[in-house]
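Trainee: Sequence plus predicted model, see below.
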Amino acid sequence: GAVVSQHPSRVICKSGTSVKIECRSLDFQATTMFWYRQFPKKSLMLMATSNEGSKATYEQGVEKDKFLINHASLTLSTLTVTSAHPEDSSFYICSARDFFAGPSYNEQFFGPGTRLTVL
Amino acid sequence: AQSVTQLDSQVPVFEEAPVELRCNYSSSVSVYLFWYVQYPNQGLQLLLKYLSGSTLVKGINGFEAEFNKSQTSFHLRKPSVHISDTAEYFCAVVYGGSQGNLIFGKGTKLSVKP
C-alpha cells in the first residue's frame, strides 16, 4: 500500500526558533498533501492543503506566515513552524493523495506524525 | 454545513464482547467514507473505506462497516473485541463536489477491559 513518511518523529526546540517537518510519499506521486494538527485527546484539525507547484491553501484561523508550507515536488511537502512558541506544541500529521489512484483518489494516506514540543 | 458526527466519545467494553461505533454524516448526493484507528502517539491507520459498490465493507483486524444511505450512517462493528483494539477511532468523510478534503468526526475512544 501507499506509504507516507514524516521526519522528524519528535522534535524539542526552544521558544523563538523555527522547526521544519518533512512529509514524503514514498511509493506514489502526490499532487496534493494535507497538514493537520491534533491536540491531546482531540480530533484532527486541517491546517492547510499543499498543492505541488503552487501556494498552499490555509484554513480559516491558521496563520500562513507562521506555518510555512512548501510543496516543491510530487513526493515532498514541508511545514515550517516559524518562531515557535509553547502554544505551538502539538502533534502534526500530514497526509497525501495518490494522483494516479483512479476511483481511490479520495483516499488520503497518513504519515506517522511529528510530536513538537516548544520549551 | 457538512459534518461528521460520532455520537459516543467513549465506549468501554469487555474483551470478546461485540462493539459498534456510530458515525453519521450530513446528507449529500455522493460521499466517500472512511474509518481510521489511532493508537497512542501514532499516526492514523486506515481500517476500511467505502468508495462505491457493496454497502457492507470489511476491513482489517476483523472490523466491518455498513453504508446506510437512508440513515446517513456508516457504523463500525466488530463481533468480538480484543484488548489490543483499545484505541481512538475516527470516522471521516469526503463529500462529493468538494475539494476532496476529509472531514473528521471527533473520535471515539474504545476501551477494552479484561
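Mentor: Good, I have the coordinates.
Trainee: quick one: buried residues of stretch A:89-104?
Mentor: A:S89, A:S90, A:F91, A:Y92, A:I93, A:C94, A:S95, A:A96, A:R97, A:D98 (16 or more other Cβ atoms under 10 Å in any protein chain shown). All C-beta spots, glycine's among them, are computed from the backbone N, C-alpha and C.
Trainee: Quick check: the gap between A:A30 and A:A96.
Mentor: Applying Cβ to Cβ, to the nearest Å, the value for A:A30 to A:A96 is 4 Å.
Trainee: can you list residues touching both of the two?
Mentor: In terms of Cβ atoms under 8 Å, 6 or more residues apart in numbering or on different chains, A:A30 and A:A96 are both contacted by the residues A:S77.
Trainee: Out of the buried residues of stretch A:89-104, which is nearest to chain B?
Mentor: Within the buried residues of stretch A:89-104, the smallest distance to chain B is 5.6 Å, found for A:I93 (Cβ to the nearest Cβ).
Trainee: sorry, back to before: which of the buried residues of stretch A:89-104 are close to chain B?
Mentor: A:F91, A:I93, A:S95, A:R97 (Cβ under 8 Å from any Cβ of the partner chain).
Trainee: Local confidence estimate at A:S54?
Mentor: Here, the pLDDT recorded for A:S54 equals 84.
Trainee: quick one: contacts for it?
Mentor: A:H71.
Trainee: ok, now B:Y50?
Mentor: So B:Y50 contacts B:Y32, B:L33, B:F34, B:V57, B:A65, B:F67, B:F74 (Cβ under 8 Å, 6+ apart).
Trainee: Show the contacting residues for the residue nearest to B:Y39 when sequence neighbours are not counted.
Mentor: Spatial nearest neighbour of B:Y39, chain neighbours left out: B:A87 (4.9 Å); criterion: Cβ to Cβ, 6 or more residues apart in numbering or on different chains. B:A87 makes contact with B:V37, B:Q38, B:Y39, B:P40, B:K109, B:L110, according to Cβ under 8 Å, 6+ apart.
Trainee: from those, which is closest to A:T80?
Mentor: Nearest to A:T80 among these: B:Q38, at 24.8 Å, using Cβ to Cβ.
Trainee: Could you find the closest non-adjacent residue to that closest one?
Mentor: B:E88 (4.6 Å).
Trainee: what about the one you found, which helix or strand?
Mentor: strand B:87-95 (DSSP states H and E).
Trainee: immediately after that strand, which helix or strand?
Mentor: Criterion used, DSSP H and E; the element after strand B:87-95 is strand B:102-104.
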